[in-house]
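[1] Kindly generate the corresponding structure for this input.
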Amino acid sequence: MKNSYCMNCRSPHLERFIDLGNQPNGNVFPSLNEIDSERMFPCVMLVCTRCWQVQLEEFPPVDAMFTDHPYVTGINQPMVTHFEHLVHDIMRKFAIPPNSLVLDIGANDGTLLSKFRDRGMRVLGIDPCKRTGELARDAGITVFEAFWNRQGAEAMKQLGGHPDLITATAVFYHLEDIHSFVQGLEIIMRENTIFCTQCVYLKDLIDNLQFDHFYHEHTMMHAIGPLRTLFSEYGLRLLDVDFYPVHGRSFVLYVGREESRFPTTRKIDDTIAEEKRAGLGRLQTYFDFSKRVEHNKQELMSFLRQIRSAGKRVFGVGAPVKGSTLLNYYGIGPDLVACLTEINSYKIGRYSPGTHIPIVDENAIDEPPDYYLLLSWNFLDFFIEKYADYLNAGGKFIIPHPIVKVIGKDRQSLSIKRQPPRL
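    Predicted coordinates:
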């Protein structure tokens, strides 16, 4: 599907600011006999010069992206820990009483809902992926195999479903039709229902050069200003926003009905004002971002070639979908990175999308490499702790951006070259 209008404000005033070339679906890991039949799709990012929403120009059918999704929350320990903190914070902030109904949109394997259930909540999930839905149901959590939209909300309302809390973590920027999604919320939210969504934060993405958050599943990238415009169209009001370090820093936004008893905190206005000061409402900011990505590409590729020519071995840590964007756009294949290590059984024994680097079980590594390229850079602290013995023995991590850095046994970051000043 190709968009010629803004998915938020419906304006036709869209500007391209970065073209990441043709990319595979970063969550489809081909076997050896599937490599030749891989499909590629354009990956171009646009910004709306009316409301400053960032979005993908063209994306594959959502069914193809999400119905056989390999991501499993429960094996991602940093996210499990984060969800424990998030549930505590939500229940404290809004004093949600026991036995309240929690609906999780994009429930995956039910990890988040299990944390609410442990605190005495009734829980229900919605997710189109059959594989993870089965994992959730095996854990005793009901997950309906469907996408969330206005029609689904109407059906839930007819069945008497009115959640007290609705969550959508790492989902609200995966949408084909964000208006239908929000219309669905408006239909089932009662006076004091809270909608809580966690998203990658556009401001941090721009500041920290996290271009690899751009991929086909991420149809949109959010800042708070454009979202206030969107929700107000449906009689919904931003209540509060918090920030967490996961996903390279993300925001958790709380939304209620206009008549909600919960007030709007000052943090909403302060955050939007900071976005304006950071230039999110200026087209040049996005063009400069693209130039900085190109410089980073030259720096990383030069360093990888340098250490490979010196006979050093490089492996990759993890095979996340963001890693697919970086590997494909930079042109990093098995000549530079010999393999990617993983714990996800759905990926092990297969190959990285597009670049066809073998994916191996991290526990099967007999001789560690000289360097690990950290594709899952958003969990750096976790991996520093997990790989402490490797680092202490002289191994090194390569951090790809915003400045190419190497981390060794002293845990101090050493930049390879100075990044030029921000344009």
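[2] Contacts for stretch 328-339, please.
    For stretch 328-339, the external contacting residues (CB atoms under 8 Å, 6 or more residues apart in numbering) are 20-21, 23-24, 43, 211-212, 297, 300-301, 304-305, 308, 313-316, 326-327, 353-360, 369, 373. No exception for glycine: its C-beta is placed from N, CA and C like everyone else's.
[3] where exactly do the helices run in the stretch 151-300 of the chain?
    Here the stretch 151-300 of the chain has its helices, by DSSP state H, counting those that start in this stretch, at 178-188, 202-207, 224-232, 266-277, 283-309.
[4] Save those as a markdown table, and put in distance to residue 135 and mean neighbour count too.
    A markdown table is the format used below for the helices of the stretch 151-300 of the chain (distance: least, CB to CB, whole Å; neighbours: other CB atoms under 10 Å):
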| stretch | distance to residue 135 | mean neighbour count |
| --- | --- | --- |
| helix 178-188 | 24 | 19 |
| helix 202-207 | 30 | 21 |
| helix 224-232 | 31 | 21 |
| helix 266-277 | 35 | 15 |
| helix 283-309 | 36 | 16 |
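[5] how long is stretch 130-145 from one end to the other?
    Distance between the two ends of stretch 130-145: 7 Å, counting by CA to CA, to the nearest Å.
[6] Now do it, average pLDDT.
    Per-residue pLDDT over stretch 130-145 has a mean of 86.
[7] quick one: buried residues of it?
    131, 132, 133, 135, 136, 141, 143, 144 (16 or more other CB atoms under 10 Å).
[8] Now, those residues that are in helices?
    For those, membership in helices holds for 131, 132, 133, 135, 136, with DSSP state H as the criterion.
[9] Scan the helices and strands of the chain for the one with the lowest mean pLDDT.
    Least confident helix or strand of the chain, by mean pLDDT, DSSP states H and E, is helix 62-66 with a mean of 61.
[10] Quick one: residues in contact with the following helix or strand past that one.
    Once helix 62-66 ends, the next helix or strand along the chain (criterion: DSSP states H and E) is helix 77-94. If you take CB under 8 Å, 6+ apart as the criterion, helix 77-94 is touched by 73-74, 96, 111-112, 115-116, 119, 165, 167, 169, 194, 196, 198, 240, 242, 244, 246, 252, 254, 262, 379, 382.
[11] Which residue ranges make up the domains of this structure?
    65-206+222-257, 284-415 (automatic domain parsing).
[12] Which stretch among those is buried most, on average?
    Of the domains of the chain, the one with the most neighbours on average (mean count of other CB atoms under 10 Å) is domain 65-206+222-257, at a mean of 19.
[13] Check the offset of it from the chain's centre.
    Relative to the centre of its chain, domain 65-206+222-257 is centred 14 Å away, using CA atoms, centre = their mean, to the nearest Å.
[14] follow-up on the earlier one: output the ones in helices among the buried residues of stretch 130-145 in a markdown table; the columns should cover distance to residue 407.
    Shown next, in a markdown table, are these (distance: CB to CB, whole Å):
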| residue | distance to residue 407 |
| --- | --- |
| 131 | 34 |
| 132 | 33 |
| 133 | 38 |
| 135 | 34 |
| 136 | 36 |
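[15] Which residue ranges of the stretch 101-250 of the chain form strands?
    For the stretch 101-250 of the chain, strands defined by DSSP state E, counting those that start in this stretch occupy the ranges 101-105, 122-126, 143-144, 165-169, 194-200, 220-221, 236-244, 250-257.
[16] Now residue 51: closest residue in space that isn't a chain neighbour?
    residue 9 (4.0 Å; CB to CB, 6 or more residues apart in numbering).
[17] Can you get me the start-to-end distance on stretch 108-128?
    End-to-end distance for stretch 108-128, by CA to CA: 9 Å.
[18] re the thing from before, do I have it right that the residue nearest to residue 51 meets residue 50?
    Yes - with contact defined as CB atoms under 8 Å, residue 9 reaches residue 50; the gap is 5.5 Å.
[19] Just the residues contacting stretch 157-173, thanks.
    83, 86, 90, 94, 96, 100-106, 112, 116, 121, 124, 148, 178, 181, 185, 187-190, 192-200, 218-222, 247.
[20] which regions of the stretch 301-423 of the chain sit below the pLDDT cut-off?
    The model of the stretch 301-423 of the chain has pLDDT under 70 over residues 413-423.
[21] which residues in it form helices?
    321-330, 380-386, 388-392.
[22] Which one of those helices lies nearest to residue 401?
    helix 321-330 (8.3 Å; CB to CB).
[23] so residue 234 makes contact with residue 181?
    No - Residue 234 is beyond contact range of residue 181, at 10.3 Å (criterion: CB under 8 Å).
[24] ok, what's across the strand from the nearest residue to residue 137 once chain neighbours are set aside?
    Spatially, and ignoring its direct neighbours in sequence, residue 137 is nearest to residue 143 (6.3 Å; CB to CB, 6+ apart). Residues in a beta bridge with residue 143, per DSSP bridges, are residue 125.
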